[in-house]
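*Asks:* starting from these lines, generate the structure:
(one chain, ligands or ions: 1)
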Amino acid sequence: MISIVRARDYNDMSRKAANIISAQIILKPNCVLGLATGSTPIGAYQQLVEWYKKGDLDFSQVSSYNLDEYRGLSGDNPQSYRYFMNTNLFDHVNIDKANTHVPDGMAEDGEASCAAYDAAVAAAGYPDLQLLGIGNNGHIGFNEPDDHFSKGTHLVDLTESTIEANSRLFDSIDEVPRQAYSMGVQTIMFAKMILVIANGEKKAQAVHDMCFGPVAPSCPASILQLHPNTVLVADEEALSLCADELA
Ligand code: GLP
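*Replies:* Residues are numbered from 1 along each chain as shown. Reported below is the predicted structural model:
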């Protein structure tokens, strides 16, 4: 079962999520965080930076593993997820960059690079807390709707819907990479706690199916119903199709 925390709006969602992440860091200063990109977590990252600057948080012993990266983009490309993480969080807190990990979008041997990423996450003991956004189509990381759930880190062909959704961050849709490396669903499920954040009506169907639909790879996030410790923090719009179930 997924615990649902209702937030008023994006800011409230972001603050609640940041509170949960900061509690994790305070309780276990050397925790492993699984981190996510996209528009959704930006507010939570800003809040964490603010608390760090106030002296309330210490990232010096934290390590992190990100979910995914576009294939073909290097870390200094502003559209890459490594660049996103540096500019939205890592550059502003005292995390040791050597302890931050993002799949290598430029790997020459993609398969070996994915296997090495899985081995590193496993050796770290898997995330204590995995932060997740959710795609409009129910994807987590870049695990797109499919006929099976993925296991480890792998190369993904992005769906048209994801390419279109993410094109807002590129100059044109032609520039959106068609492939990405993503941590697999099985690896995500190994996290000790999962924190999903969602806002806006575009996410309403995916949020409904994640929480209350059948557990099926057609909505990858639905597998989180089987995780023992998953919390969803979502705003009213994202929860708008769950009114009956939450009544
Ligand atoms: C992207 C990312 C996901 C993210 C999702 C939602 O494609 N790979 O990790 O959760 O889509 O993105 P956003 O938060 O911008 O809506």
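*Asks:* what's the following helix or strand after the helix or strand bottoming out on mean pLDDT in the chain?
*Replies:* Using mean pLDDT, DSSP states H and E, helix 160-166 stands out as the lowest-scoring helix or strand of the chain, at a mean of 92. Next in sequence after helix 160-166, counting helices and strands by DSSP states H and E, comes strand 179-182.
*Asks:* quick check: next helix or strand after that following strand?
*Replies:* helix 185-189.
*Asks:* check what contacts the helix or strand just after that following helix and list those residues.
*Replies:* Following helix 185-189 in sequence order, the next helix or strand is strand 193-198 (DSSP H and E). By Cβ atoms under 8 Å, 6 or more residues apart in numbering, the residues outside strand 193-198 that reach it are 2, 13-14, 17, 20-21, 24, 40-41, 44, 128-134, 140, 188, 206-207, 210, 221, 224, 227, 229-235, 238. No exception for glycine: its C-beta is placed from N, CA and C like everyone else's.
*Asks:* centre of the chain to strand 193-198, how far?
*Replies:* Between the centre of strand 193-198 and the centre of its host chain there is 8 Å, according to Cα atoms, centre = their mean, to the nearest Å.
*Asks:* please apply the same query to stretch 176-184.
*Replies:* On Cα atoms, centre = their mean, the centre of stretch 176-184 falls 13 Å from the chain's centre.
*Asks:* same deal with stretch 17-34?
*Replies:* Distance, centroid of stretch 17-34 to centroid of chain: 15 Å (Cα atoms, centre = their mean).
*Asks:* now stretch 179-186
*Replies:* 11 Å.
*Asks:* in it, what's buried?
*Replies:* Under the neighbour-count criterion of 16 or more other Cβ atoms under 10 Å, stretch 179-186 has 180-185 buried.
*Asks:* what lies in contact with the helix with the most length in the chain?
*Replies:* Longest helix of the chain, by residue count under DSSP state H: helix 10-27. Here helix 10-27 makes contact (Cβ under 8 Å, 6+ apart) with 5, 7, 31, 33, 41-48, 51, 56-59, 62, 128-129, 131, 193, 195, 197-200, 231, 233-235.
*Asks:* which parts of the chain are strands?
*Replies:* Along the chain, counting by DSSP state E, strands occupy 2-7, 32-35, 63-66, 68-70, 100-101, 129-132, 154-157, 179-182, 193-198, 230-235.
*Asks:* tabulate those in TSV, adding columns for distance to the ligand.
*Replies:* TSV is the format used below for the strands of the chain (distance: least, Cβ to the nearest ligand atom, whole Å):
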stretch	distance to the ligand
strand 2-7	15
strand 32-35	10
strand 63-66	9
strand 68-70	5
strand 100-101	15
strand 129-132	6
strand 154-157	9
strand 179-182	7
strand 193-198	8
strand 230-235	12
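*Asks:* quick one: closest of the ones you listed to residue 120.
*Replies:* strand 100-101 (6.3 Å; Cβ to Cβ).
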